[in-house]
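Student: Here is the input, now give the coordinates:
(chains A and B)
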Amino acid sequence: MTNAQNKSIKEQFLTVIKSFWKQKITHFGLLELIVFIGILLYFFMTVLPLFMAFGFSFTNQNVLYKTSDFIGIANYIDLLDDKSFIRSLWMTTRLSLLVTLAANVGGLLIALMLNVNDRYHGALRTIFFIPQVLSAVIVSFIWRIILVDRGLLNNFLLEIGLIENPIHWLGDPDMAFRAIVIVVTWQMIGFCTVVYLASLQGIPQDLKEAAEIDGANRWQQFWNVVWPLLAPGVTINMVLLLIMTFKLYDQIAVLTSGGPGGRTETLSFYIIRVAFSGNQLGYGSTMAVVLFIATGIISGLVVSRLKRREIEY
Amino acid sequence: MRHKKRSLIAKILAGLAAFVFSLPLYLALVNIFKTEEQITRYPIALPAPFTLENIITVLTRPDHLLFEGLKNSLIITVSTVITVVFFASAIGYYIARSNKRYMQYILLIFVAGMMVPAQVVLIPLARMLNWLGLIGTFQGLILLQTGGGLLSFAVFVYSGFVKSIPRELDEAAMIDGANRFTIFWRVIFPLMRPATATVVIFVSLWTWNEFLLPLIILGPGEGVTVTTGIFTAVDNLNINYGGAFALMFLSALPILGFFFSMQKEFIAGLTGGSIKG
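Tutor: Predicted coordinates for the structure are as follows:
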């Protein structure tokens, strides 16, 4: 080979290496940097804390102690004996199921009732949706002022002579529970209504008319045509309502502060109380982990059962 | 004829249901303009006489609670929304256009984040932010909110939407010599307006109404938001009803205004995902 050719092979080799690295660097441009930072943010704010919480649950971390010890599954065992935990778990489950059911049934009925596209029904739809726009704190305070012992409802009932002594809507544990169910349902119905309305409006009119021609009455039309096609909306409403109500906190904090005597504490409320007021980060994390797993299981179960009902059309 | 009658009855029933449903709202509104004595004795009646005293009291509070709350909530909400939109749109676009297998797993991890209850991550995060010196600061709160379920939701929305934008646009821009960020920023992002609208609306709503996170991260009394402000202001033992309703109403005005001006987009965003599942 001549000198000229040698040089050119070396040069060629170098240019290949250079362009390779140039490609690698330009491939990691501004966009990739942003994505990388975003993923890092998510990692540090959600993924890492999740693992940390899991780790905390095996310790006796406390804000007041300088160090913490690894105590294995002692926290988890303590949970089983913790009456407040069991009570809050039970209460939260009942609350979640009741509200999910009520909001879905109510939401569907209202959606069916308002499934007419004119200004009158549009205005009514807005009314049902407003509680969704207000914060849970505001909604709960409005209801608290209505339901508290010297509140608007009791004052009204006393005024018209229906009762002689104020009723403890929020003071009696059972009444308080029912009151909470009503308040949360009231706030969530608008959400279900909107989702169901959207599903209803996606059902072609001809299907219903065909059934009518075939002699089906309105109930049969609903049960055999509309109801199966609502399945995706049902899935969404069920899952989202269950998840949202299972981690309920704001309304409890305002309406009852978990009282009386902690009888209306939801799981979330108890966790926050234990971890932040009671300074027990380890034990609190244990319960939070349980909450997380429970939420995951519930969503998984419900989604898989309901997804099967959905028809592709 | 039968149909007309039936639909009239249906209309009346619907109106009745809405009326009963809205009674708490009516009570919250009508009692703002009554004196305390009137509220106690005639909770349901219309104001007589009509008084603006409660509203004036709230507006002229020495601690400027309402304005502080509104200002802080606004700062936090706007910052969170901008940050979320910025990162989520980029991530959503990148993931949707990526050919790499592991990117799909990352998407799954993002979506799974929507299911994580705040309480689980709050405890370690409170510790972490404390260690970083960010506890009790707006930056800490914004950081936390941005990196959590809101980001998951936004990434979910954006990555789903990008799929409806044809790849040919990307390729055409690439031929014209643009680098990936320019393609994203100048070509794709403007086309994602519906997704951005959905994200902006829901992140704004959720952040504005957020209660637990500001309560724990900012701490009571340390820079109140609209929600924590109401919580600490409405004295539990001796609630001044008229004043409380006035405070709540004035605090809710911005978000209600936001809602009414964007009603269509609100509903569209809510239902867009539900029909396609």
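Student: so where's the stretch 101-250 of chain B uncertain?
Tutor: Within the stretch 101-250 of chain B, the set of residues satisfying pLDDT under 70 comprises B:220-223, B:235-238.
Student: Spatially, what comes nearest to the closest residue to chain A within it if we skip its sequence neighbours?
Tutor: Closest residue of the stretch 101-250 of chain B to chain A, C-beta to the nearest C-beta: residue B:147 (2.6 Å). For the C-beta atoms, the positions are set from N, CA and C on the backbone; glycine is no exception. In space, and not counting its chain neighbours, residue B:147 is closest to residue A:45: 2.6 Å by C-beta to C-beta, 6 or more residues apart in numbering or on different chains.
Student: ok, the one you found - contacts?
Tutor: B:121, B:125, B:143-144, B:146-148, B:151 (C-beta atoms under 8 Å, 6 or more residues apart in numbering or on different chains).
Student: could you redo the last one with a cut-off of 10 Å?
Tutor: Neighbouring residues of residue A:45 by C-beta atoms under 10 Å, 6 or more residues apart in numbering or on different chains: B:113, B:121, B:125, B:128-129, B:143-149, B:151.
Student: and residue A:91, how many neighbours?
Tutor: 23 (other C-beta atoms under 10 Å in any protein chain shown).
Student: can you check residue B:193 too?
Tutor: The burial count for residue B:193: 11, using other C-beta under 10 Å.
Student: now residue B:254
Tutor: Residue B:254: 15 surrounding residues under other C-beta under 10 Å.
Student: Residue B:49 versus that one, what's the distance?
Tutor: 29 Å (C-beta to C-beta, to the nearest Å).
Student: Residue B:215 now?
Tutor: 38 Å.
Student: Give me the more crowded residue out of these two.
Tutor: Between residue B:215 and residue B:49, counting by other C-beta under 10 Å, residue B:215 is the more crowded of the two (22 against 8).
Student: out of everything not next to it in sequence, what's closest to the more buried one?
Tutor: In space, residue B:215 is closest to residue B:228, 5.3 Å off (C-beta to C-beta, 6+ apart).
Student: I'd like the secondary structure assignment at the one you found, please.
Tutor: helix (DSSP: H, G, I helix; E, B strand; the rest coil).
Student: dump the residue contacts of residue 96.
Tutor: Going with chain A. By C-beta under 10 Å, 6+ apart, the contact list for residue A:96 reads A:181, A:184, A:241-248, A:266-267, A:294-295, A:298.
Student: switch to chain B, that's the one I care about
Tutor: Contacts of residue B:96 (C-beta under 10 Å, 6+ apart): B:103, B:107, B:155, B:158-165, B:167, B:188.
Student: if you set the cut-off to 8 Å instead, what comes out?
Tutor: Applying C-beta under 8 Å, 6+ apart to residue B:96 gives the contacts B:158-160, B:162-163.
Student: okay, now residue 11: neighbour count?
Tutor: Let's take chain A. By other C-beta under 10 Å, the residues close to residue A:11 number 10.
Student: Correction: the question concerned chain B.
Tutor: 16.
Student: That one and chain A, how far apart?
Tutor: Per C-beta to the nearest C-beta, to the nearest Å, residue B:11 is found 7 Å from chain A.
Student: Next one, pLDDT for that residue please.
Tutor: pLDDT recorded at residue B:11 is 89.
Student: got the buried residues for stretch A:154-169?
Tutor: By neighbour count on 16 or more other C-beta atoms under 10 Å in any protein chain shown, the buried set for stretch A:154-169 is A:154-158, A:166-167, A:169.
Student: now do the same end-to-end measure for it.
Tutor: Taking C-alpha to C-alpha, to the nearest Å as the measure, stretch A:154-169 stretches 9 Å from start to finish.
Student: and that stretch, what's its mean pLDDT?
Tutor: If you average the pLDDT over stretch A:154-169, you get 86.
Student: contacting residues around it?
Tutor: A:147-151, A:153, A:175-176, A:179, B:40-44.
Student: May I ask you to name the longest helix in chain A?
Tutor: Using DSSP state H, we find that the single longest helix of chain A is helix A:83-113.
Student: tell me the mean pLDDT for the helix or strand just after it?
Tutor: The helix or strand immediately downstream of helix A:83-113 is helix A:119-133, counting by DSSP states H and E. The pLDDT scores in helix A:119-133 average 91.
Student: C-alpha coordinates for the helix or strand just after helix A:119-133, PDB please?
Tutor: Proceeding C-terminally, helix A:119-133 gives way to helix A:136-147 as the next helix or strand, assigned by DSSP H and E. Taking Å, rounded to 0.1, in the frame of the first residue of the first chain, the C-alpha atoms of helix A:136-147 are listed here in PDB:
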ATOM      1  CA  ALA A 136     -63.700  18.400  50.100                       C
ATOM      2  CA  VAL A 137     -62.900  20.800  52.900                       C
ATOM      3  CA  ILE A 138     -65.600  23.200  51.800                       C
ATOM      4  CA  VAL A 139     -68.200  20.600  51.100                       C
ATOM      5  CA  SER A 140     -67.500  19.000  54.500                       C
ATOM      6  CA  PHE A 141     -67.700  22.400  56.300                       C
ATOM      7  CA  ILE A 142     -71.000  23.200  54.700                       C
ATOM      8  CA  TRP A 143     -72.400  19.900  55.900                       C
ATOM      9  CA  ARG A 144     -70.800  20.300  59.300                       C
ATOM     10  CA  ILE A 145     -72.500  23.600  59.800                       C
ATOM     11  CA  ILE A 146     -75.800  21.900  58.800                       C
ATOM     12  CA  LEU A 147     -75.400  18.800  60.900                       C
END
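Student: and helix A:136-147, is it in reach of chain B?
Tutor: Yes - counting by C-beta under 8 Å from any C-beta of the partner chain, contacts between helix A:136-147 and chain B involve A:136-138, A:141-146.
Student: hmm, who's touching that helix?
Tutor: Contacts for helix A:136-147 (C-beta under 8 Å, 6+ apart): A:131, A:151-153, A:169-170, A:179, A:183, A:186-187, A:250-251, A:253-255, B:24-25, B:27-28, B:209, B:211, B:227, B:230-231, B:234, B:239, B:241, B:244-245, B:248, B:251-252.
Student: hmm, 6 Å instead?
Tutor: Around helix A:136-147, the neighbours that count as contacts under C-beta atoms under 6 Å, 6 or more residues apart in numbering or on different chains are A:131, A:151-153, A:169-170, A:179, A:183, A:187, A:250-251, A:254-255, B:24, B:28, B:211, B:227, B:230-231, B:234, B:241, B:248, B:252.
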